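>>> Here's my sequence, what's the structure:
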Amino acid sequence: MKKYILIIFSIFLYIGIYAQKGNYQLKFNKNGEFKIAQFTDIHWSNKSPNCPKTVEVIKSVLQAEKPDIAILTGDIVTDAPAKEGWLAIAKIFADTKTPWAVTLGNHDAETGVSRKEIFDIIESLPYFIGEKGPEMTGCGNYVLPIQSSQNTKTAAALYCIDTNNKPPANKYGHYDWIHFDQIEWYRKTSDKLTAQNNNTPLPALAFFHIPVLEFNNVVGKETTIGNKEEGVASPEINSGMFCSMVEKKDVMGIFVGHDHDNDYIGIEQGIALAFGRTSGIDAYGDLERGSRIIMMYEGKNKFDTWIRTPKGTELMYYYPSGLSSIDEGAMEYLPAKNIKVKQQGVSYSYYEGTRFKSTDQIKSTKPIKTGILNNISIASAAAQDSMAFTFKTWIKIPERGVYRFYTYSDDGSTLFIDGKLVVDNDGSHSMRRRDGKIALEAGFHELEVLYFEDYMGEILEVGYSSRNIREDILPDNILFIAE
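Numbers count the residues shown, from 1 in each chain. Down below sits the predicted model:
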């Protein structure tokens, strides 16, 4: 063991001057890309014979992906002696010359050292670019700016937040939560970065160890892929971290660890919630060891993410659409239609006087008014109940790909593209969202939306997203009426 530590220190002395934190600036490359490798739940113990296998997994990922930074999301060194364990971890990234950062897990400070003492050990190590952060609950609350490929302007941000360990009393559950002073720090930091970016929220990602309660909400959604082989071991108390990120509109995704048999990703309220892939051989769980990779794109609120193991890649996922490579490979693409555009807009027919229970009933009803609108809207309805609309338009699809469409409606709605049912939100119901996806060639496609209001609460919203389009209401400038 002493010989091993001596070798580590010799390497650090050799590259220490070159590899100090101050010499590193995270930056988008000339293609406007920035790649992150998330390693989680390494569960390192210098006493374990499995250490070389864990090193092999991590180095395999680093060599294959060549990330711009590795972020370790907790439960990294989980056995004493802690210092020797952290030096062994650091050597992996020194060997590969990979900048690395850390958010601590619930087990990291159970090895005879405090959370602050851990950062005392690692803050000066080669290629480490994290920090203790300001005085607040926990340790290691900080933000890492990513510079533009063109200059030194901050173009994106990575938040690292400590999820702590145990709550102050057993009655509050098994795991602590992100506290109000940490949330206040995030909100102030986000506001500052937004102000510096012409009052536009800066594209950002967040990394911590223990998942927030909202991870339960994406289970079973159509936009969720990956493995869920155990429950979500989140705090039982929701302190509002996720709500703040929704309000600030900068964080595109939250990446955690903690649950070794989960690696799924889904979208909740416009934010991707993702588990990393467990990285340590000595951690419990049956998933093949590896890493979650995230590719950010400069100037865009989008990222791609996938799982990388020594065997290859899997579970490719695209934010903001919530689509995956599985969708791209399995779906049949509908060809575009040749049309002559007459004008921008949507043609509509309006119906009244029937207690509609499904959109099929609309087809056998005579409209009392027709016309043209700039977009799909029920604002012109004269009645609040027992009314219906049909909308027809040609939507101009900018590029070949899989597109996700949705309707929010009260009551029923259905959406068709080129005569194919894509969104089925039919029936009499309160406000509800339904989604559907379809593969489309670039060009014009016929879009039809049917809507009815039965009784109380009338609303209709129609939107879409794709691999390169953040979810939004259909914009006016892609909707046309043909000659």
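
>>> list the contacts for the nearest residue to residue 79 once chain neighbours are set aside?
Leaving aside its chain neighbours, residue 79 sits nearest to residue 45 (3.5 Å; criterion: CB to CB, 6 or more residues apart in numbering). All C-beta atoms are positioned from the backbone trio N, CA, C, and that covers glycine. Contacts for residue 45 (CB atoms under 8 Å, 6 or more residues apart in numbering) come out as 51, 77-79, 85, 282.

>>> Check the gap between residue 45 and residue 57 for me.
15 Å (CB to CB, to the nearest Å).

>>> same deal with residue 332?
Residue 332 is 38 Å from residue 57, by CB to CB.

>>> out of the two, which sits in the busier spot?
residue 57 (24 against 6; other CB atoms under 10 Å).

>>> Regarding that one, which helix or strand does it belong to?
helix 51-65 (DSSP states H and E).

>>> Ok, residue 109 next?
Counting by DSSP H and E, residue 109 is found in no helix or strand.

>>> Give me the phi and psi for the spatially closest residue to it that is not a sequence neighbour.
Leaving aside its sequence neighbours, residue 109 sits nearest to residue 115 (CB to CB, 6+ apart; 4.8 Å). Per-residue torsions, residue 115: phi -60, psi -40 (degrees, to the nearest 10).

>>> Please apply the same query to residue 333.
phi -90, psi 130.

>>> Can we start the residue count at 56 from this point?
Taking 56 as the first residue, the last one we looked at is residue 388.

>>> Tell me which residues of stretch 383-394 come out buried.
383, 389, 391, 394 (16 or more other CB atoms under 10 Å).

>>> no, scratch that, I was asking about stretch 182-194
Residues 182-188, 192-194 are the ones in stretch 182-194 that count as buried (16+ other CB under 10 Å).

>>> Can you measure across that stretch, start residue to end residue?
Start to finish, the residues bounding stretch 182-194 are 19 Å apart (CA to CA, to the nearest Å).

>>> quick check: mean pLDDT across it?
Average pLDDT, stretch 182-194: 96.

>>> phi, psi of the residue nearest to residue 134?
Torsion angles, degrees, to the nearest 10, at residue 100: phi -140, psi 120.

>>> Okay, it and residue 474: tell me how far apart.
From residue 100 over to residue 474 (counting by CB to CB), the distance is 61 Å.

>>> Kindly report the same for residue 514.
26 Å.

>>> Contacts only, for residue 408.
residue 441.

>>> Please name the nearest non-neighbouring residue to residue 221.
residue 231 (5.8 Å).

>>> what kind of secondary structure is that neighbour in?
Look at residue 231: counting by DSSP: H, G, I helix; E, B strand; the rest coil, its state is coil.

>>> Which one of residue 514 and residue 474 is surrounded by more residues?
residue 514 (16 against 8).

>>> wait, doesn't that one sit right on residue 462?
No - assessed by CB atoms under 8 Å, residue 514 is found out of contact with residue 462, at 9.9 Å.

>>> Redo the buried residues of stretch 182-194 as CSV? Include secondary structure and distance to residue 202.
Output for the buried residues of stretch 182-194, formatted as CSV (DSSP: H, G, I helix; E, B strand; the rest coil; distance: CB to CB, whole Å):
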residue, secondary structure, distance to residue 202
182, coil, 18
183, strand, 19
184, coil, 13
185, coil, 17
186, coil, 17
187, coil, 23
188, coil, 20
192, coil, 29
193, coil, 27
194, coil, 26
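
>>> Show me which pair in those residues is furthest apart.
182 and 192 (27.5 Å; CB to CB).

>>> thinking again about what came up before, list the buried residues for the helix holding residue 112?
So helix 106-120, judged by 16+ other CB under 10 Å, has buried residues 106, 109-110, 112-117, 119-120.

>>> Show me what the following helix or strand past it packs onto, helices and strands only.
Per DSSP H and E, the first helix or strand lying C-terminal to helix 106-120 is strand 124-128. Helices and strands touching strand 124-128, by 3 or more CB pairs under 8 Å, 6 or more residues apart in numbering; DSSP states H and E, are strand 88-94, strand 155-158, strand 209-215, strand 306-311.

>>> average pLDDT across the following helix or strand past strand 124-128?
Heading C-terminal from strand 124-128, the first helix or strand you meet, by DSSP H and E, is helix 137-151. Helix 137-151 shows a mean pLDDT of 96.

>>> in stretch 508-516, what's buried?
508-509, 513-516.

>>> From these, pick the one nearest residue 202.
Closest to residue 202, out of all of the buried residues of stretch 508-516 and judged by CB to CB, is residue 516, at 37.4 Å.

>>> Please report the number of neighbouring residues for the nearest residue to residue 336 once chain neighbours are set aside.
Nearest residue to residue 336 in three dimensions, chain neighbours excluded: residue 105, at 4.1 Å (CB to CB, 6+ apart). Other residues within reach of residue 105, judged by other CB under 10 Å, total 14.

>>> go on, residue 219?
24.

>>> mind checking pLDDT for it?
Looking at residue 219, the pLDDT reads 93.

>>> I figured it hits residue 227, correct?
No - contact criterion CB under 8 Å: residue 219 and residue 227 do not qualify, at 11.8 Å.

>>> Quick check, residue 473 in contact with residue 388.
No - checked against CB under 8 Å, the pair residue 473 and residue 388 is beyond contact range at 11.1 Å.

>>> how about the helices in the protein?
57-70, 106-120, 137-151, 170-177, 235-251, 296-303, 380-385 (DSSP state H).

>>> any chance of the ones you listed in a markdown table, plus distance to residue 259?
Output for the helices of the chain, formatted as a markdown table (distance: least, CB to CB, whole Å):
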| stretch | distance to residue 259 |
| --- | --- |
| helix 57-70 | 31 |
| helix 106-120 | 21 |
| helix 137-151 | 23 |
| helix 170-177 | 22 |
| helix 235-251 | 8 |
| helix 296-303 | 9 |
| helix 380-385 | 25 |
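
>>> For residue 273, find the nearest of those helices.
Nearest to residue 273, of the helices of the chain and by CB to CB, is helix 296-303 at 11.6 Å.

>>> Buried residues of the closest one, list them for me.
Buried, per 16+ other CB under 10 Å, within helix 296-303: 296-297, 299-300, 303.

>>> and if you look at stretch 202-217?
202, 204, 209-217.

>>> Please convert these to TSV, extending it with distance to residue 343.
Shown next, in TSV, are these (distance: CB to CB, whole Å):
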residue	distance to residue 343
202	35
204	34
209	36
210	34
211	30
212	31
213	26
214	28
215	26
216	28
217	28
